[in-house]
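*Asks:* dropping a prediction and its sequence here:
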Amino acid sequence: MADTDVAQATQESQEDRELGTLPIPQLFIKYSAIAFAGMIAQIIMVVLEGIIMGNGLGAHGLACVSIIMSIELLNVALGSALAVGVSTVAGNRLGAGDTEGAKTAFSQGFWFTTFLIILLVVLAEIFVEPLVAFLGATPDIFDDSVGAIRVFLLGLPFCVIGQMLCGMLRIDEKPHAAATIQIVSAVIAIIWLALSTFVLNFGVTGAGLYYAASIGIWFVVIYYFVGGERSIFQIRAKDMKLDFGLCFQIVKIGFPLFLLQATSSVYTTVVNNQLGMLGSSLDIAAFAIINGYVVYIIMMVVQAITYGVQPIAAYNAGAKAYGRMKQLLTTSLAAEVIVIAIVTVIVWLAAYPICLIFAGDPELATVSADATRIVILFGALGWASQVISSYFECVEKIVIATILGIARYIFFTIPAVYILGGMMGVQGVWVAQPVADVITFVLVAIFVVYEIKRLSSLEQKEA
């Protein structure tokens, strides 16, 4: 079949796509709920991961895993940023009725993602030993860390490309497919981790393969983007010659999310150092449980909400559906605050048994639970910055998206850690987060009001 025939057979008019027609609350709930279904498997995987690694790898293995996690954070940062960048550019063009432009944006985005991650992996493999030393590996864990990271790096291209492709599935109105692969990959990966740890005795190398598989399996959704029958978006050989203007647009849109991941890393480093100065290793261990598991699980719920926002915002921005964009903004903000408030109450009440799952030791569980109740207190307000930042990314308000992406940790939490930690000791380090969350929400509210006024003005001009 000729290209023009394929295009005519697959092209959908704007009126036929639910992203531009279904009521916003219904659409938002649908996409967020489907994303969360996929996230449930990821949450279960994280819990089981903590239990298996804590009981199966011992102190030596966990120390190596802490080095591997630096590469895992890079994986998530790159994959999430490129998923948002490529899907937003394609979604904007699709919403504007430029189907061919949307196809080109996706195909070019695929090749750009592929070339970029292969280059980074080659460099990392060449310099893996100095990289591992830079990440903080001590001599006793150096060799095992190098081996595990080498294995993980082999799977890293599949991880990053898989995340980008799942982002495109949502724009292509196939959120069920994205959620399904997340569930399947979580099940396969956690089974492998248990087998490699307790049966095959692969140790840290098995953990490296686990991190590669947990997201790398998402790559199989490439099935939808080849063959020309399952999606209007197709990977085309002619798009291997990159349009650097288009690539820059993808990077510009995804950069705030990448920066958000980086600020989380900076925040973690600051808190660890302050707890080491003001408290003891017990406090640092408590923070590891809070930040690595409790807060991480809450963050995944927030991420499901952002997945509900992104395709709707990108499509309707391209379609200039300003009224729908206003409704999405208020709906997503209210939903995030309410849902995370409910989650916070549940975690607050069950803080000790939750922490005991990961701590094992009752004393550490008690310290962790007490700190958890403080840290998460106003998280429903603070996490709003991530959801609203995601909205601004998708409507290409990059400066605002960047400000909101880094504000919670860089502008407010880290200064509060130093100030309140100096005044109150370890307790001040914990209190810093809810104080910062309240201030963050004030900033979010200012930008939301600004955006609603801007959209109303545009809506009046279009009338």
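*Replies:* Looks like it came in fine.
*Asks:* what's whichever helix or strand residue 453 is part of packed up against?
*Replies:* Per DSSP states H and E: residue 453 is located in helix 426-462. Contacts defined by 3 or more C-beta pairs under 8 Å, 6 or more residues apart in numbering; DSSP states H and E place helix 426-462 against helix 244-278, helix 322-349, helix 362-375, helix 379-382, helix 384-394, helix 398-406, helix 414-424. All C-beta spots, glycine's among them, are computed from the backbone N, C-alpha and C.
*Asks:* which of the residues in that helix are buried?
*Replies:* 426-437, 439-441, 443-444, 447-448, 451, 455 (16 or more other C-beta atoms under 10 Å).
*Asks:* then stretch 333-352?
*Replies:* Buried residues in stretch 333-352 (16+ other C-beta under 10 Å): 333, 335, 336, 337, 339, 340, 343, 344, 347, 351, 352.
*Asks:* the residue nearest the centre of the chain and residue 52, how far apart?
*Replies:* Closest to where the C-alpha atoms of the chain average out (C-alpha atoms, centre = their mean) is residue 80, at 5.4 Å. Separation of residue 80 from residue 52 (C-beta to C-beta, to the nearest Å): 25 Å.
*Asks:* what of residue 358?
*Replies:* 11 Å.
*Asks:* how about residue 199?
*Replies:* Distance from residue 199 to residue 52, by C-beta to C-beta: 12 Å.
*Asks:* sorry, back to before: can I get the buried residues of stretch 333-352 in CSV with distance to residue 132 and pLDDT?
*Replies:* Formatted as CSV, the buried residues of stretch 333-352 follow (distance: C-beta to C-beta, whole Å; pLDDT from 0 to 100):
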residue, distance to residue 132, pLDDT
333, 42, 92
335, 42, 91
336, 38, 92
337, 41, 94
339, 39, 92
340, 36, 94
343, 36, 93
344, 37, 94
347, 35, 93
351, 35, 92
352, 36, 92
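*Asks:* out of those residues, who's nearest residue 113?
*Replies:* Sorting the buried residues of stretch 333-352 by distance to residue 113 puts residue 336 at the head of the list, at 28.3 Å, by C-beta to C-beta.
*Asks:* okay, stretch 307-322 in CSV with CA atoms only?
*Replies:* Extracted in CSV, the C-alpha atoms of stretch 307-322 (Å, rounded to 0.1, in the frame of the first residue of the first chain):
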residue,chain,number,x,y,z
TYR,A,307,0.3,10.6,33.4
GLY,A,308,-3.4,11.5,33.4
VAL,A,309,-2.6,15.2,32.8
GLN,A,310,0.1,14.9,30.0
PRO,A,311,-1.7,13.5,27.0
ILE,A,312,-4.9,15.6,27.7
ALA,A,313,-2.8,18.9,28.1
ALA,A,314,-0.6,18.2,25.1
TYR,A,315,-3.5,17.4,22.7
ASN,A,316,-5.8,20.2,23.8
ALA,A,317,-3.0,22.8,23.8
GLY,A,318,-2.5,21.9,20.1
ALA,A,319,-6.2,22.1,19.5
LYS,A,320,-6.4,25.5,21.3
ALA,A,321,-9.2,24.2,23.4
TYR,A,322,-8.7,26.7,26.2
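*Asks:* quick one: distance of it to the chain centre.
*Replies:* 19 Å (C-alpha atoms, centre = their mean, to the nearest Å).
*Asks:* can you pull the pLDDT of residue 440?
*Replies:* pLDDT for residue 440: 96.
*Asks:* mean confidence for stretch 33-45?
*Replies:* 76.
*Asks:* ok, stretch 245-252 next?
*Replies:* Computed over stretch 245-252, the average pLDDT equals 88.
*Asks:* low-confidence ranges, the stretch 251-400 of the chain, go.
*Replies:* Counting by pLDDT under 70, the stretch 251-400 of the chain shows low-confidence ranges at 265, 269, 272, 276, 281, 284-285, 360.
*Asks:* residue contacts, residue 405?
*Replies:* 256, 257, 259, 260, 263, 385, 386, 389 (C-beta atoms under 8 Å, 6 or more residues apart in numbering).
*Asks:* wait, the last one sits on residue 260?
*Replies:* Okay, so that is residue 389. Yes. Using C-beta atoms under 8 Å, residue 389 is in contact with residue 260, at 7.1 Å.
*Asks:* of those two, give the one with the bigger neighbour count.
*Replies:* Just comparing residue 389 and residue 260: by other C-beta atoms under 10 Å the higher neighbour count belongs to residue 389, 28 against 25.
*Asks:* and residue 133, how many neighbours?
*Replies:* Using other C-beta under 10 Å: residue 133 sits among 15 other residues.
*Asks:* distance check, it against residue 358.
*Replies:* Residue 133 is 29 Å from residue 358, by C-beta to C-beta.
*Asks:* helix/strand/coil for the residue nearest to the centre of the chain?
*Replies:* helix (DSSP: H, G, I helix; E, B strand; the rest coil).
*Asks:* surely it and residue 163 touch.
*Replies:* Yes. In terms of C-beta under 8 Å, residue 80 counts as a neighbour of residue 163; the distance is 6.3 Å.
*Asks:* my guess is residue 340 meets residue 298, correct?
*Replies:* Yes. Under the criterion of C-beta under 8 Å, residue 340 makes contact with residue 298 at 6.7 Å.
*Asks:* please enumerate the helices of the stretch 1-150 of the chain.
*Replies:* For the stretch 1-150 of the chain, the helices defined by DSSP state H, counting those that start in this stretch occupy 3-10, 24-56, 58-95, 99-126, 128-134, 139-171.
*Asks:* now those helices in TSV, with distance to residue 304?
*Replies:* Listed next are those as TSV, based on distance: least, C-beta to C-beta, whole Å:
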stretch	distance to residue 304
helix 3-10	29
helix 24-56	4
helix 58-95	13
helix 99-126	23
helix 128-134	32
helix 139-171	11
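*Asks:* which of these sits closest to residue 286?
*Replies:* Nearest to residue 286, of all these, is helix 24-56, at 14.1 Å by C-beta to C-beta.
*Asks:* widest-spaced pair of the buried residues of stretch 333-352?
*Replies:* Pairwise distances across those peak at 31.7 Å for 333 and 352 (criterion: C-beta to C-beta).
*Asks:* let me see the domain layout of this structure.
*Replies:* 22-242, 280-463 (automatic domain parsing).
*Asks:* can you check which of these gets nearest to residue 273?
*Replies:* Comparing those by C-beta to C-beta, domain 280-463 comes nearest, at 9.4 Å.
*Asks:* export the domains of the chain to CSV and append columns for distance to residue 249.
*Replies:* What follows is the domains of the chain, written out as CSV (distance: least, C-beta to C-beta, whole Å):
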stretch, distance to residue 249
domain 22-242, 6
domain 280-463, 8
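*Asks:* ok, residue 230 to residue 84 distance?
*Replies:* With C-beta to C-beta as the criterion, residue 230 and residue 84 are 23 Å apart.
*Asks:* check residue 177 too.
*Replies:* 18 Å.
*Asks:* out of the two, which sits in the more crowded spot?
*Replies:* residue 84 (28 against 21).
*Asks:* the more buried one reaches residue 392, doesn't it?
*Replies:* No. Using C-beta under 8 Å, residue 84 makes no contact with residue 392, being 11.2 Å away.
*Asks:* which residues does stretch 31-39 contact?
*Replies:* By C-beta under 8 Å, 6+ apart, the list of residues contacting stretch 31-39 reads 170, 175-176, 178-183, 300-301, 303-305, 307-309, 311-312, 335.
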